[in-house]
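Q: quick check, what structure comes out for this input:
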Amino acid sequence: MSSIDFRAEADKLRDEMVAMRRDLHMHPETAFEEVRTAGIVAEKLTQLGLEVQTGIGKTGVVAVLDGAADGPTVLVRADMDALPINEANTTDYISGTANKMHACGHDGHTAIGLAVAKMLTAHKDAIKGRVKFVFQPAEEVGQGALAMIQDGALENPKPDVSVGLHLWNTLPLGDLGVADGPTMAGSSTWNATLTGKGSHGAAPHESLDPVVAAAHVVTALQSIVARNVNPEDTAVVSVTQIHTGDTHNVIPQVAYLEGTMRAFKVEVRDLVTKRMGEIINGIAAAMGCEATFQIDHRTIPLVNHPDVGARLRPAFEKIEGVKRLDTDARTMGGEDMAFFMDTVPGMYFFVGSANEGRGLNYGHHHPRFDFDEDALPLGAALLATAVAEYVIPE
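A: As a prediction, this is how the structure comes out:
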């Protein structure tokens, strides 16, 4: 373990991180529109003397810090994008753009990533290996990581290990989520169209009613997790939209359904996908309707490598401000860093950022989401320590 006190160094950068985070919060940019954010990131990294590439995955930024001697390459990833949400907070740093808000903490992730780059650059002479900083766009739509990979983010140099974090408002400040194995679910979006035969609402016998078919589909889809998925595994099948009909006295011709599906294992995802298609098509046929079913597997499950976790957890325990390591923290939420980690073994951990006493406990993607900014120096210390475990020997 490195003897460098990254917590003390991160505390000195607290005001700088808070200012950066609040500036980004006031100027949110959504998927693949992170032009201002990427420009700030590239400028800060260039000022540190790093080799910087822009336009990777459209609006992504990559920078490499070469150490004084040869060794492994560690990928550090931070996401930059905001969400299409109208902010409902009343702070003096609320979003200045209608229907755009940092409601998931990515402004904090970017600020932390820049602070880690600054801290590690100051210790360049002690680094044996290199650090590859990846500031990623479009996480919220599950497309940014793949776009960056397609543009060569995992080449020249190729990383040996990957680390990243998420400020996490379901954990209080001081708690860390550091589970091994599947930690965030693969996320899929799906839609189905049921086409029948419309009729007057007073003559249902003349119809092939897609509304009734849709109702049976919604109910039957819930049987997949209960009766097809092994109870030792888990999955989610949710119908989140149903659109059909235009008036009270007409049985419509078409019903449209949309939703999400989540699973921690690819084989479970594939099983659920198969059963969804069978149920939707089978019920439609039984009701005299025709069906189409489409599913888009946006992200794969995020899997923390046990060897990386075993190496980092003891180092995390020694950092001031860490109160508890939660080795069972998992979520059905999706995260496209999974694509980086599918190739590069790594660990993605949750940094508790909630403070109930200050009202900073709204969930992610809520219009009143905000976090305790004391999580910023803690997160930076944790991330820098994680890198140092691989490239700064004692």
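
Q: from Asp233, how far off is Asn191?
A: Distance of Asn191 to Asp233, given as C-beta to C-beta, to the nearest Å: 25 Å. Every C-beta, even on glycine, is put in place using the N, C-alpha and C of the backbone.

Q: next: Phe349.
A: 23 Å.

Q: looking at those two, which is more packed in?
A: Neighbours were counted for Phe349 and for Asp233 using other C-beta atoms under 10 Å; Phe349 has more, 28 against 15.

Q: looking at this, the more buried one is in a helix?
A: No: Phe349 sits outside any helix when classified using DSSP: H, G, I helix; E, B strand; the rest coil, being strand.

Q: you'd agree it is up against Met184?
A: No: in this structure, Phe349 is not within contact of Met184 by C-beta atoms under 8 Å, at 11.1 Å.

Q: could you pull out the helices for this structure?
A: Here the chain has its helices, by DSSP state H, at 6-12, 14-26, 35-47, 106-122, 144-150, 210-221, 223-227, 266-286, 306-317, 337-343, 375-391.

Q: which of these sits closest to Asn169?
A: helix 375-391 (9.5 Å; C-beta to C-beta).

Q: contact partners for the closest residue to Ala291 other than its chain neighbours?
A: Residue nearest to Ala291 in three dimensions, not counting chain neighbours: Ala284, with 3.6 Å by C-beta to C-beta, 6 or more residues apart in numbering. By C-beta atoms under 8 Å, 6 or more residues apart in numbering, the residues touching Ala284 are 194, 213, 217, 290-291.

Q: repeat that for 7 Å
A: Applying C-beta atoms under 7 Å, 6 or more residues apart in numbering, we find Ala284 in contact with 194, 213, 290-291.

Q: equivalent analysis for Ile319, please.
A: 7, 381-382, 385.

Q: repeat that for 10 Å
A: By C-beta atoms under 10 Å, 6 or more residues apart in numbering, the contact list for Ile319 reads 5-7, 10, 176, 378, 381-382, 384-385.

Q: what sits in contact with each of Phe349 and Met184?
A: In contact with both Phe349 and Met184: 166, 304, using C-beta under 10 Å, 6+ apart.

Q: picking up where we left off before, filter the contacts of Ile319 to the buried ones?
A: Buried by 16 or more other C-beta atoms under 10 Å: 6-7, 10, 176, 378, 381-382, 384-385, out of those.

Q: dump those residues into a markdown table; add distance to Gly201 and pLDDT as well.
A: Output for the buried ones among the contacts of Ile319, formatted as a markdown table (distance: C-beta to C-beta, whole Å; pLDDT from 0 to 100):
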| residue | distance to Gly201 | pLDDT |
| --- | --- | --- |
| Phe6 | 68 | 98 |
| Arg7 | 68 | 98 |
| Ala10 | 65 | 98 |
| Leu176 | 57 | 98 |
| Leu378 | 60 | 98 |
| Ala381 | 64 | 98 |
| Leu382 | 61 | 98 |
| Ala384 | 65 | 98 |
| Thr385 | 66 | 98 |
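
Q: let me have those in CSV, extended by distance to Val254.
A: CSV is the format used below for the buried ones among the contacts of Ile319 (distance: C-beta to C-beta, whole Å):
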residue, distance to Val254
Phe6, 58
Arg7, 59
Ala10, 56
Leu176, 49
Leu378, 52
Ala381, 55
Leu382, 51
Ala384, 55
Thr385, 56
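
Q: which one of the residues you listed sits closest to His297?
A: Leu176 (29.1 Å).

Q: the closest one: what's its closest spatial neighbour, skipping adjacent residues?
A: Leu325 is the one closest to Leu176 (C-beta to C-beta, 6+ apart), at 5.3 Å.

Q: count of neighbours near the one you found?
A: 16.

Q: thought it was touching Arg313?
A: Yes: at 6.0 Å, Leu325 counts as touching Arg313 under the criterion of C-beta atoms under 10 Å.

Q: just to revisit the earlier point, ok, of the contacts of Ala284, which come out buried?
A: 194, 213, 291.

Q: OK, contacts around the spatially closest residue to Ile242 that is not a sequence neighbour?
A: In space, and not counting its chain neighbours, Ile242 is closest to Leu257: 5.5 Å by C-beta to C-beta, 6+ apart. Residues in contact with Leu257 (C-beta under 10 Å, 6+ apart) are 190-194, 210, 213-214, 217-218, 221, 239-244, 280, 291, 293.

Q: and the most centrally placed residue in the chain, how far is that from Glu155?
A: Against the mean C-alpha coordinate of the chain, by C-alpha atoms, centre = their mean, the closest residue is Glu335 at 3.0 Å. In this view, Glu335 and Glu155 are 22 Å apart by C-beta to C-beta.

Q: do Tyr390 as well
A: Applying C-beta to C-beta, the value for Tyr390 to Glu155 is 19 Å.

Q: now swap in Val141 and tell me
A: 24 Å.

Q: which of the two has more residues huddled nearby?
A: Val141 (15 against 9).

Q: hang on, the more buried one packs against Lys58?
A: No: the criterion here is C-beta under 10 Å, and Val141 misses it with Lys58 at 11.8 Å.
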